[in-house]
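Student: all I have is the shape, not the residue letters:
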């Protein structure tokens with residue numbers, strides 16, 4: 001039974017990881033077949049995750065996947081669902097069982113439209129709040145670099161990487177080498193792309209071409225490193241793999257965000273097309289953010305009720321995390337400056353709150 005849940009969650013993670021770039025490619029190329037394939041993969045992944053419902057992370061991952069299948073764009077929601085599905089695949093169900101809480105499911109329902117709104121806002125035409133695909137690629141490469149520097153206590157900086165700690169720790173030298181190379185290449189690519197963006201050139205400069213190639217290589221190495229870490233960790237020690245689940249999910253998410261940014265960089269729409277669609281994108285992202293903020297408030301209320309029911313008080317750490325995310329949602333929907341940054345903070349707040357539950 002445990003093996004079946006492992007396979008179901010792992011297959012769901014792979015399907016969602018494939019659905020994200022397919023969705024982005026479909027939007028960039030205007031291909032309806034790619035979009036439908038992405039939607040179908042997300043829906044199938046959601047159904048697969050229902051077979052692993054005994055694991056705490058499977059429920060929120062299923063909600064994210066099924067919600068992503070209904071959203072446009074769905075690249076970032078699919079990536080978030082894939083990351084949570086990795087946690088569901090790596091962490092076995094608790095021996096003593098667990099009480100299924102409703103607030104993580106509602107928080108996941110809020111996270112999906114919030115992520116879609118963030119992606120939609122990032123795809124708006126270049127403006128003072130949206131610096132353009134070059135800067136997005138540079139920032140995405142920086143996110144990958146930062147995630148690689150932080151996972152496993154920064155040991156990748158010393159060319160070491162492993163899962164778990166103490167006596168249950170498993171060292172993965174092969175993954176450490178690949179991830180270390182990914183860090184160096186992505187750092188160089190981000191810096192080169194930033195130099196190109198600072199130059200303000202309308203055409204692709206030499207620094208831009210170098211940065212683009214290095215970021216493509218960095219994304220490939222990062223994805224390969226995560227795959228190597230998972231393959232080396234499987235079958236060695238379930239406790240160590242479970243302990244490193246969040247790190248693996250973070251790296252997968254960072255690689256996926258970089259891939260989405262590179263697809264957008266390599267398929268920049270014409271200026272006239274971007275201007276024509278800009279108003280519709282902005283209105284759509286605003287509606288999505290309002291929906292996500294309302295769902296986040298509902299998640300906070302649900303967390304308070306469940307805390308009062310199980311612990312006799314609503315003043316719990318869970319409610320504090322859910323309420324903080326809801327407040328970020330209220331801030332994100334305000335019609336003020338730095339809308340993209342506020343939407344990103346809202347998504348991070350929801351993701352942080354959800355990480356406490358899985």
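Tutor: Sure, I can see it. Source: prediction; values computed, not measured.

Student: what about the protein, any weak spots by pLDDT?
Tutor: Low-confidence regions of the chain, defined by pLDDT under 70, span residues 1-3, 95-99, 125-131, 200-204, 234-238, 268-284.

Student: let's see 50
Tutor: In the predicted model of the chain, residues 127-128, 269-281 satisfy pLDDT under 50.

Student: tell me where it has strands.
Tutor: 162-163, 170-171 (DSSP state E).

Student: include mean neighbour count when you put those into a markdown table, please.
Tutor: Just so you know, the C-beta spots here come from the backbone N, C-alpha and C atoms, and that holds for glycine as well. Below are the strands of the chain laid out as a markdown table (neighbours: other Cβ atoms under 10 Å):
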| stretch | mean neighbour count |
| --- | --- |
| strand 162-163 | 24 |
| strand 170-171 | 16 |
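
Student: so which of those is nearest residue 19?
Tutor: strand 162-163 (26.4 Å; Cβ to Cβ).

Student: tell me which strands and helices that closest one is in contact with?
Tutor: In terms of contacts (3 or more Cβ pairs under 8 Å, 6 or more residues apart in numbering; DSSP states H and E), strand 162-163 is packed against strand 170-171, helix 238-243.

Student: need the winner for burial among those.
Tutor: With neighbours defined as mean count of other Cβ atoms under 10 Å, the helices and strands packed on strand 162-163 peak in mean count at helix 238-243, which reaches a mean of 20.

Student: residues making contact with that helix?
Tutor: Here helix 238-243 makes contact (Cβ atoms under 8 Å, 6 or more residues apart in numbering) with 90, 91, 92, 162, 163, 164, 165, 168, 169, 170, 233, 234.

Student: how does the chain divide up, domain by domain?
Tutor: Structurally, the chain divides into domains by automatic domain parsing as follows: 1-100, 111-129+273-358, 131-268.

Student: and the ones you listed, which is most packed in?
Tutor: domain 1-100 (a mean of 22).

Student: and that domain, how far out from the chain's middle?
Tutor: Relative to its chain's centre, domain 1-100 lies at 12 Å (Cα atoms, centre = their mean, to the nearest Å).

Student: apart from its neighbours in sequence, what residue is nearest residue 180?
Tutor: residue 159 (5.1 Å; Cβ to Cβ, 6 or more residues apart in numbering).

Student: if we can go back for a sec, wait, which of the strands of the chain is closest to residue 57?
Tutor: strand 162-163 (16.7 Å).

Student: gap between that closest one and the chain center?
Tutor: 21 Å.
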